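Student: Generate coordinates for the sequence data below:
(2 chains)
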Number of protein chains: 2
Amino acid sequence: MSKTSYSACVLIIGNEILSGRTQDVNLNYIATRLGARGIPVREARCIPDIPEVIVSAVNECRTKYDFVFTTGGIGPTHDDITAECVAKAFEVPLERHPEAMRLLEEHYKNYPGGVNESRARMANVPKGGELLRNPVSKAPGFRIGNVHVMAGVPSIMQAMFDTLLPTLPEGDPVVMKSVSCRLREGDIAVALEAIQNRYPDLDIGSYPALHEGQPQVTLVAKGQDADAVGAAAQEIADMVRGFGEEPQLS
Amino acid sequence: MSKTSYSACVLIIGNEILSGRTQDVNLNYIATRLGARGIPVREARCIPDIPEVIVSAVNECRTKYDFVFTTGGIGPTHDDITAECVAKAFEVPLERHPEAMRLLEEHYKNYPGGVNESRARMANVPKGGELLRNPVSKAPGFRIGNVHVMAGVPSIMQAMFDTLLPTLPEGDPVVMKSVSCRLREGDIAVALEAIQNRYPDLDIGSYPALHEGQPQVTLVAKGQDADAVGAAAQEIADMVRGFGEEPQLS
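Tutor: Numbers count the residues shown, from 1 in each chain, chains lettered A, B, ... in the order given. Have a look, this model is predicted:
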């Protein structure tokens, strides 16, 4: 019997996100695509390059969620400690993976110095791990159990993620329909809640924004029952029209 | 005796971040400014609009860190549940705050319907909470204990945060110096680690990127001892020159 809904957690590993030096864009990329495959992201954490923090987050999240995806910390420098932390979390040794070494040697064959000891660290994989190909810069990520370890550089992370995505099971995709209008949240809150109550299995959200100083709101119906999502979005649009506004559907 | 270093945690509350519908930009805004005030962010979590999840994250993080900042979920609609969850976390009743009601009544006095029951929800504050002013759209956030509850809309969150920031204690600011160059991480990893080892109290990070297909790397020295950061950045720049590249300092 196939499970039709899975859960995922994203661990964004790196001091640069927490210091504000770097704006994370990986969560958004991963979340959108996992949702479409029926594996909604239920939690994301940004954590620093501290071994105990990484080990405990990996262990907590791999128990709690069906799939875990990590980004960051798999390069050749001293601050790249994700692979050794994941090995510790799984209580297995960190080993030099022969196929990963082969990929690195091929990639660096014409490069002065070749695969030196620093680069060879990128071939270290927890025992039992399976490589995740990296079409951009070759140094692979890996999967062990339900944990997927990827690069932090967005273009590389995206390439790794795109190659691994088709290997994941498919849940019922999360379907989302949006209705935007220039009403104020406070005017429609009661009517919107009534719609939420009629569709208890859907997640109906209200997202206000300011557009040129004027309040706008996007009302989103989301869930894994596409028919219910369509019907709820229709009710939301009708509700907006009842307030004398023309809804923008997407 | 004043504490010179504090820790902070950011809780980003909202299904829209986890679904990928919305790209979070609040963490970056908060982290940069807290770091400059000597209150580095040690962890951030994106969590869904599920009461038990919010309550347990608030309780876990307010114990673990000196300060907690939440964004999202304080509007007038049914999915805005942050205030009631924070009240549950602190085991205090949620009360209608008279000053918050006054601010809302003033703001909506010429608006048809005024402060209806939905809008009045935005004046609900856990007992003992203190208002955080919102110069943009008036509905306030609040502070209770070490937890600061703010809006999710970036312009409103920023205005709230800017007004509360000067009320926080000052730690030794986190100072950061960056050295960028067109070297590859794998070539400089050993020399960089040696510098890290000479400055064990600093956090020296290596952040690769691809620029028009060419590898680049930014080497960052960061810490609360400004002299040490300056000296380490100097050593990093000299190291880069030793590899025949001109470092870009910032």
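
Student: from here on, contacts and neighbour counts on C-alpha atoms
Tutor: Will do.

Student: what about the top helix by length along chain A and chain B, touching?
Tutor: The helix that spans the most residues within chain A, counting by DSSP state H, is helix A:226-242. No. Against chain B, helix A:226-242 shows no contacts by CA under 8 Å from any CA of the partner chain, the least distance being 13.8 Å.

Student: Can you show me the helices along chain A?
Tutor: With DSSP H as the criterion, chain A has helices spanning A:15-18, A:26-36, A:51-64, A:82-90, A:98-107, A:117-120, A:154-164, A:185-198, A:226-242.

Student: winner for burial among these?
Tutor: The highest mean neighbour count among those, using mean count of other CA atoms under 10 Å in any protein chain shown, belongs to helix A:15-18: a mean of 24.

Student: returning to what we had before: just want the angle from the longest helix of chain A to helix A:185-198.
Tutor: Orientation check (axes from the mean of the first three to the mean of the last three CA atoms, to 10 degrees): helix A:226-242 against helix A:185-198 gives 150 degrees.

Student: Spell out for me which residue occupies the centre of chain A.
Tutor: Geometric centre of chain A, nearest residue: A:Ile30, 3.3 Å, by CA atoms, centre = their mean.

Student: So which other helices or strands are in contact with the longest helix of chain A?
Tutor: Under the contact criterion of 3 or more CA pairs under 8 Å, 6 or more residues apart in numbering or on different chains; DSSP states H and E, helix A:226-242 touches strand A:175-181, helix A:185-198, strand A:214-223.

Student: Dump these into CSV; add mean pLDDT and distance to chain B as well.
Tutor: As requested, the helices and strands packed on helix A:226-242 are exported to CSV (pLDDT from 0 to 100; distance: least, CA to the nearest CA, whole Å):
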stretch, mean pLDDT, distance to chain B
strand A:175-181, 95, 9
helix A:185-198, 97, 5
strand A:214-223, 92, 9
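
Student: Need the helices of chain A in JSON lines (columns: distance to A:Ser178).
Tutor: JSON lines is the format used below for the helices of chain A (distance: least, CA to CA, whole Å):
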{"stretch": "helix A:15-18", "distance to A:Ser178": "30"}
{"stretch": "helix A:26-36", "distance to A:Ser178": "15"}
{"stretch": "helix A:51-64", "distance to A:Ser178": "30"}
{"stretch": "helix A:82-90", "distance to A:Ser178": "38"}
{"stretch": "helix A:98-107", "distance to A:Ser178": "44"}
{"stretch": "helix A:117-120", "distance to A:Ser178": "47"}
{"stretch": "helix A:154-164", "distance to A:Ser178": "26"}
{"stretch": "helix A:185-198", "distance to A:Ser178": "13"}
{"stretch": "helix A:226-242", "distance to A:Ser178": "7"}
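
Student: Please identify which of the ones you listed is closest to B:Ala8.
Tutor: Proximity to B:Ala8 (CA to CA) singles out helix A:15-18 among these, at 10.0 Å.

Student: hey, C-alpha coordinates of the closest one in PDB?
Tutor: What follows is helix A:15-18, C-alpha atoms only, in PDB (Å, rounded to 0.1, in the frame of the first residue of the first chain):
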ATOM      1  CA  ASN A  15      27.400  30.400   9.600                       C
ATOM      2  CA  GLU A  16      27.000  32.600   6.600                       C
ATOM      3  CA  ILE A  17      23.300  32.300   6.500                       C
ATOM      4  CA  LEU A  18      23.000  33.000  10.300                       C
END
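
Student: mean confidence score for that helix?
Tutor: Average pLDDT, helix A:15-18: 94.

Student: And stretch A:80-100, by the same measure?
Tutor: pLDDT averaged over stretch A:80-100 gives 98.

Student: wait, does it contact chain B?
Tutor: No. Residues of stretch A:80-100 contacting chain B under CA under 8 Å from any CA: none, with a closest distance of 8.7 Å.

Student: Kindly confirm whether my reading is correct that A:Ala228 touches A:Gln196.
Tutor: No. The criterion here is CA atoms under 8 Å, and A:Ala228 misses it with A:Gln196 at 11.2 Å.

Student: what residues do those two have in common as contacts?
Tutor: When CA atoms under 8 Å, 6 or more residues apart in numbering or on different chains defines a contact, the residues bordering A:Ala228 and A:Gln196 alike are A:Leu202.

Student: Show me the domain layout of chain A.
Tutor: Per automatic domain parsing, the domain ranges recorded for chain A read A:8-167, A:175-249.

Student: So A:Ala89 versus A:Val58, what's the distance?
Tutor: Remark: distance between A:Ala89 and A:Val58 (CA to CA, to the nearest Å) = 7 Å.

Student: how about the residue lying closest to A:Val190 once chain neighbours are set aside, what does it touch?
Tutor: Take A:Val190 and drop its neighbours on the chain: the residue closest to it by CA to CA, 6 or more residues apart in numbering or on different chains is B:Ser118, 7.0 Å away. Listed by CA under 8 Å, 6+ apart, the contact set of B:Ser118 reads A:Gly186, A:Asp187, A:Ala189, A:Val190, B:Pro76, B:Thr77.

Student: Return the distance of stretch A:201-212 from the chain's centre.
Tutor: Offset of stretch A:201-212 from its chain centre (CA atoms, centre = their mean, to the nearest Å): 21 Å.

Student: residues touching A:Asn59, list them.
Tutor: With contacts defined as CA under 8 Å, 6+ apart, the neighbours of A:Asn59 are A:Ala89, A:Phe90.

Student: quick one: pLDDT of it?
Tutor: With respect to pLDDT, A:Asn59 has a value of 98.

Student: Any part of stretch A:28-36 near chain B?
Tutor: Yes. Contact of stretch A:28-36 with chain B (CA under 8 Å from any CA) involves A:Asn28, A:Tyr29, A:Ile30, A:Ala31, A:Thr32, A:Gly35.

Student: Next, find the distance separating the second one from A:Asp187.
Tutor: Here the criterion is CA to CA. By it, A:Tyr29 lies 33 Å from A:Asp187.

Student: circling back to that earlier point, which residues does the longest helix of chain A contact?
Tutor: A:175-179, A:181, A:183, A:191-192, A:195, A:199, A:202, A:219-223, A:246-247, A:249.

Student: Please indicate which of those residues are buried?
Tutor: Buried members of the contacts of helix A:226-242, scored by 16 or more other CA atoms under 10 Å in any protein chain shown, are A:175-179, A:181, A:183, A:192, A:195, A:199, A:202, A:219-223, A:246-247, A:249.

Student: follow-up on the earlier one: can you list the domains of chain A in JSON lines and add distance to B:Met157?
Tutor: Shown next, in JSON lines, are the domains of chain A (distance: least, CA to CA, whole Å):
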{"stretch": "domain A:8-167", "distance to B:Met157": "16"}
{"stretch": "domain A:175-249", "distance to B:Met157": "12"}
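
Student: between the ones you listed, which gets nearest to B:Ser19?
Tutor: So among those, domain A:8-167 is nearest, using CA to CA, at 5.6 Å.

Student: ends of the closest one, how far apart?
Tutor: 15 Å.

Student: chain center to it, what's the gap?
Tutor: For domain A:8-167, the distance to the chain centre is 12 Å (CA atoms, centre = their mean).

Student: Any idea what A:Val68 is bridged to?
Tutor: Per DSSP bridges, the residues bridged to A:Val68 are A:Cys9, A:Val147.

Student: any idea how far it lies from B:Asp238?
Tutor: 40 Å.
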